[in-house]
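Colleague: Just need the structure, nothing else, for what follows:
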Amino acid sequence: MDSLLTSTCDIAFTKLLNDTLTVDIVQNGNMESSCLDVVYKIAMIIVGIVNLCFAFYIFFFQNRKEKQHIRLQDRKYMLENFILKFKLECFYDSFKQLLKESSSLIDDTNKNNLENTKKDVESKYQEIFSNLRIYFIESLSAIDNNLYMSILSDADALQGKLSEALFDDGVILNKKAKYEELIQNPIFLYQGKMLKTLCDFGKDSGK
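Modeller: Numbers count the residues shown, from 1 in each chain. Below is the predicted model:
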């Protein structure tokens, strides 16, 4: 009788223990599943926010880039149709005058006369560059300040080079080789450089 009771109690206890473990396993499984759901939802929210921010950045960047491109093309149109169309002749005339006035240096073989010729040429240079700034370069400031500053800087650099060559006592400018090296070639060089700057304005830089 005692043996039967003990056996019955053991069976009941074992069943209770199994039921308890089963409940714990189910509860733990549900908790893990719930945690995974929360982590998944948080991850999806983060991904959504990142995608939204990225989409906004792309839209803003593209829109800004497109507006910049349109503004640049408008400026290029104004440069071509309101400045170069009417004032480019002034640019070419200035360089023709520089070459014409400079040619008197190589024609003058008398050393004493050459010094006076240098002074006359320097005076002509000042007049030519002044007119170039007033009638051509200044108008570029209405188009683009960087373009204006670039052309102005080149004009100033050329004038400085020519003036320096004129009054260098160690240089004999009525010798053709020196004249070409220090006067003629810089004039051609800066004319080409400034023209390239004007022609390249408005081209896409890929930025």
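
Colleague: Going by C-alpha atoms from here, please, whenever you check contacts or count neighbours.
Modeller: Fine.

Colleague: just checking, next helix/strand downstream of the helix or strand bottoming out on mean pLDDT in the chain?
Modeller: Taking mean pLDDT, DSSP states H and E as the measure, the chain has helix 2-78 as its least confident helix or strand, at a mean of 66. Using DSSP states H and E, the helix or strand that directly follows helix 2-78 along the chain is helix 85-107.

Colleague: Name the residues of that following helix that are buried.
Modeller: Neighbour counts over helix 85-107 (16 or more other C-alpha atoms under 10 Å) mark 87, 90-91, 94-95, 98, 101-106 as buried.

Colleague: just the CA coordinates of it, formatted as CSV?
Modeller: Listed next in CSV are the C-alpha coordinates belonging to helix 85-107 (Å, rounded to 0.1, in the frame of the first residue of the first chain):
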residue,chain,number,x,y,z
LYS,A,85,29.8,89.6,-79.4
PHE,A,86,30.2,93.3,-78.9
LYS,A,87,33.5,93.8,-77.0
LEU,A,88,35.9,91.0,-78.2
GLU,A,89,37.2,93.3,-80.9
CYS,A,90,38.4,95.6,-78.2
PHE,A,91,40.3,92.7,-76.7
TYR,A,92,42.0,91.9,-80.0
ASP,A,93,42.7,95.6,-80.7
SER,A,94,44.5,95.9,-77.4
PHE,A,95,47.0,93.2,-78.2
LYS,A,96,47.5,94.5,-81.7
GLN,A,97,48.4,97.9,-80.3
LEU,A,98,50.8,96.3,-77.8
LEU,A,99,52.6,94.6,-80.6
LYS,A,100,52.6,97.7,-82.8
GLU,A,101,53.9,100.0,-80.0
SER,A,102,56.5,97.4,-78.9
SER,A,103,57.9,97.0,-82.5
SER,A,104,59.4,100.5,-82.2
LEU,A,105,61.9,99.0,-79.7
ILE,A,106,63.5,96.7,-82.2
ASP,A,107,63.6,99.4,-84.9
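
Colleague: following it, which helix or strand comes up?
Modeller: helix 111-132.

Colleague: elements contacting the following helix or strand past that following helix?
Modeller: Beyond helix 111-132 in the direction of the C-terminus, DSSP H and E gives the next helix or strand as helix 138-140. In terms of contacts (3 or more C-alpha pairs under 8 Å, 6 or more residues apart in numbering; DSSP states H and E), helix 138-140 is packed against helix 145-166.

Colleague: which helices and strands sit right next to the helix it packs on?
Modeller: With 3+ C-alpha pairs under 8 Å, 6+ apart as the test, helix 145-166 has helix 111-132, helix 138-140, helix 185-200 packed against it.

Colleague: make it 10 Å
Modeller: helix 85-107, helix 111-132, helix 138-140, helix 176-179, helix 185-200 (3 or more C-alpha pairs under 10 Å, 6 or more residues apart in numbering; DSSP states H and E).

Colleague: Compare the ones you listed and give me the one nearest K65.
Modeller: helix 185-200 (18.9 Å; C-alpha to C-alpha).

Colleague: Fine by me, we can end here.
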